[in-house]
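Q: Quick one, what's the 3D model for this:
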Amino acid sequence: MGEILMIFPKSEYEARYLKCQFLMKEARIDVLMLTKGSNIFYFSGYRTSLFSSHFRPFVLLIPQSGEPSMIVPNLEWFSASKEVWFDDVVFWGPGGNASDPISSVQSVFKSRGFLNSVVGTELDIGQRLGMSYQEFDQLKQMLPKCSFVNGTGITWELRMVKSPAELECMKEATRITCCGYEALISNARKGMTEKEMQMIVASEMMSQGCEQEYFLSIGAGPERYSIMNPLPTDYAVKDGDLVLMDWGAVVNGYWSDLTRVFAIGSINERQMELYNAANRIRETAITATRPGVPIGEVDVAATRMAEMLGVREYMLHRSGHTIGLEVHEIPSISAADRTIMKPGMCLTIEPALYDWPDGGSFRIEDLVVVTENGNEVYSPCTTDLIVIDR
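A: Numbers count the residues shown, from 1 in each chain. Next up is the predicted model:
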């Protein structure tokens, strides 16, 4: 095992593992088979850029009792063995226990006595199998006495509440994200392109400790207000443009996600009214974020405030989402979601107003953590509408 290279102490992973086994017993699942990179990292401590490959399956097996087993491609065995908290790591390919990944998984099922098991895996919302449909079908044929069921509820139930160690990563990722915005506000000017803005934000976040993985969306000017998740372009901002930036840094695999709007040169009265309304709606949603309350009530509170302010027609989507090892996790901050908020849940609060085609997009997004007594806003950068006049 590789305790020296693990991001968290072994005790952190063991606690997650024991909780997982308890939930497996309740769900009558004998083995949890995880193939999605974020799930494998969460339970094992192992992370690799090769998780993004669509040709090399990784598999983590969690039994209802006993330690886990992991199956990786042959060249990944060295790093995997140094990063996980347990000992049973095998590989497929030349020199491995099988020449291909599916035969390798079958071999481990046989050696571990899992051939007559109820196997839970990633078959529901927000989850994806880290193997092709053909490979999954082949695996089911090679394990004819196993029944495969949905195990997604177990992974989400555990991942939605963050431990203190995870929260530290989230807080640091959000601090770094804010540093990117502050650097941009200090250097933005008329005539600067969206790509130049991206360079400023990305460079500052990297210098502050962001991992190479991050996301950044910028939409400036009337032609791009209605493009919801635009990649930066060579468009040069000019007087009267609003700039909406949605971006987030990553620390130890944990994401941040913020949105801010600023103006170039000037802003008209109607735009200022809508921005102030969006900001007030955001504040209302944050106030509604507290433990013991259905998460959908955050969206309900935001919608009621929009109705009071007479801007409900400009709301086009839910009030946000949860976040962690992925930018978008569940539960959703929508009126229909009745998941009870618990301390340790991380939310991005982002009710928004959209006045298209040329009025603007008014979205202010913060990362908020549910606490024992209410909530804590992790994002320190200002929500004032800044006008860049240089």
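
Q: measure the closest residue to Y235 other than its chain neighbours to E172 for me?
A: Nearest non-adjacent residue to Y235, counting by CB to CB, 6 or more residues apart in numbering: E194, 5.4 Å away. In this view, the C-beta of every residue, glycine as well, is placed from N, C-alpha and C. Counting by CB to CB, to the nearest Å, the separation of E194 from E172 is 27 Å.

Q: For V377, see how far away the residue nearest to Y235 is.
A: Taking CB to CB, one finds E194 at 27 Å from V377.

Q: Could you check which of the two has the larger neighbour count?
A: Per other CB atoms under 10 Å, whichever of E194 and V377 has more neighbours is E194, with 23 against 14.

Q: The more buried one contacts I218, doesn't it?
A: Yes. Counting by CB atoms under 8 Å, I218 is a contact partner of E194 at 4.5 Å.

Q: which residues do the two both contact?
A: Shared contacts of E194 and I218 (CB atoms under 8 Å, 6 or more residues apart in numbering): P232.

Q: tell me which strands and helices the top helix by length along the chain is in contact with?
A: Criterion DSSP state H: the longest helix present in the chain is helix 164-187. Contacts defined by 3 or more CB pairs under 8 Å, 6 or more residues apart in numbering; DSSP states H and E place helix 164-187 against helix 194-208, strand 242-248, strand 250-251, strand 254-255, strand 258-264, strand 366-370.

Q: in the stretch 201-350 of the chain, which spans are helices?
A: 269-287, 296-309 (DSSP state H, counting those that start in this stretch).

Q: The stretch 1-150 of the chain now?
A: With DSSP H, counting those that start in this stretch as the criterion, the stretch 1-150 of the chain has helices spanning 10-27, 37-44, 77-83, 101-112, 133-142.

Q: mind checking which of those is nearest E122?
A: Relative to E122, the nearest member of the helices of the stretch 1-150 of the chain by CB to CB is helix 37-44, separated by 6.8 Å.

Q: Using TSV, lay out the helices of the stretch 201-350 of the chain together with mean pLDDT.
A: Formatted as TSV, the helices of the stretch 201-350 of the chain follow (pLDDT from 0 to 100):
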stretch	mean pLDDT
helix 269-287	98
helix 296-309	98
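
Q: can I get the ones you listed in TSV with mean neighbour count?
A: Below are the helices of the stretch 201-350 of the chain laid out as TSV (neighbours: other CB atoms under 10 Å):
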stretch	mean neighbour count
helix 269-287	19
helix 296-309	20
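
Q: Tell me which of these sits nearest to L123.
A: Proximity to L123 (CB to CB) singles out helix 296-309 among the helices of the stretch 201-350 of the chain, at 24.6 Å.

Q: what helices or strands is the closest one leaning on?
A: Applying 3+ CB pairs under 8 Å, 6+ apart, we find helix 296-309 packed against helix 269-287.

Q: and the helix it packs on, what does it pack onto?
A: helix 296-309, strand 346-349, strand 352-355, strand 360-363, strand 366-370.

Q: Quickly list the domain ranges of the protein.
A: 3-159, 164-388 (automatic domain parsing).

Q: I figured S107 was touching S99, is that so?
A: No. With contact defined as CB under 8 Å, S107 does not reach S99; the gap is 10.7 Å.

Q: Of all the helices of the stretch 1-150 of the chain, which one is nearest I185?
A: I185 sits nearest to helix 37-44 of all the helices of the stretch 1-150 of the chain, at 32.0 Å, using CB to CB.

Q: helices or strands next to that closest one in the packing?
A: helix 10-27, strand 59-63, helix 152-159.

Q: who touches the longest one?
A: Contacts to helix 10-27, defined as CB under 8 Å, 6+ apart, come from residues 1, 3, 6, 30, 32, 42-45, 62-65, 68, 85, 120, 151, 153-154, 157-158, 163, 165.

Q: Name only those of those that count as buried.
A: 1, 6, 30, 32, 42-45, 62-64, 68, 85, 120, 151, 154, 158 (16 or more other CB atoms under 10 Å).

Q: In CSV, list the C-alpha atoms belonging to the helix or strand of the chain with the lowest mean pLDDT.
A: Between all helices and strands in the chain, the lowest mean by mean pLDDT, DSSP states H and E belongs to helix 77-83, at a mean of 93. The C-alpha coordinates for helix 77-83 follow below in CSV (Å, rounded to 0.1, in the frame of the first residue of the first chain):
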residue,chain,number,x,y,z
TRP,A,77,0.0,-1.1,-11.6
PHE,A,78,3.2,0.6,-10.3
SER,A,79,1.5,3.9,-9.5
ALA,A,80,-1.8,2.3,-8.3
SER,A,81,0.2,0.1,-5.8
LYS,A,82,1.9,3.2,-4.4
GLU,A,83,-1.3,5.2,-3.9
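
Q: buried stuff in that helix?
A: Result for helix 77-83 [16+ other CB under 10 Å]: buried residues 77, 79-81, 83.

Q: Over to stretch 68-76?
A: Result for stretch 68-76 [16+ other CB under 10 Å]: buried residues 68-74, 76.

Q: which residues touch it?
A: Identification of contacts with stretch 68-76 by CB under 8 Å, 6+ apart yields 17, 40, 43-44, 46, 48, 50, 56-62, 80, 84, 86, 88-96, 101, 104-105, 108, 112.
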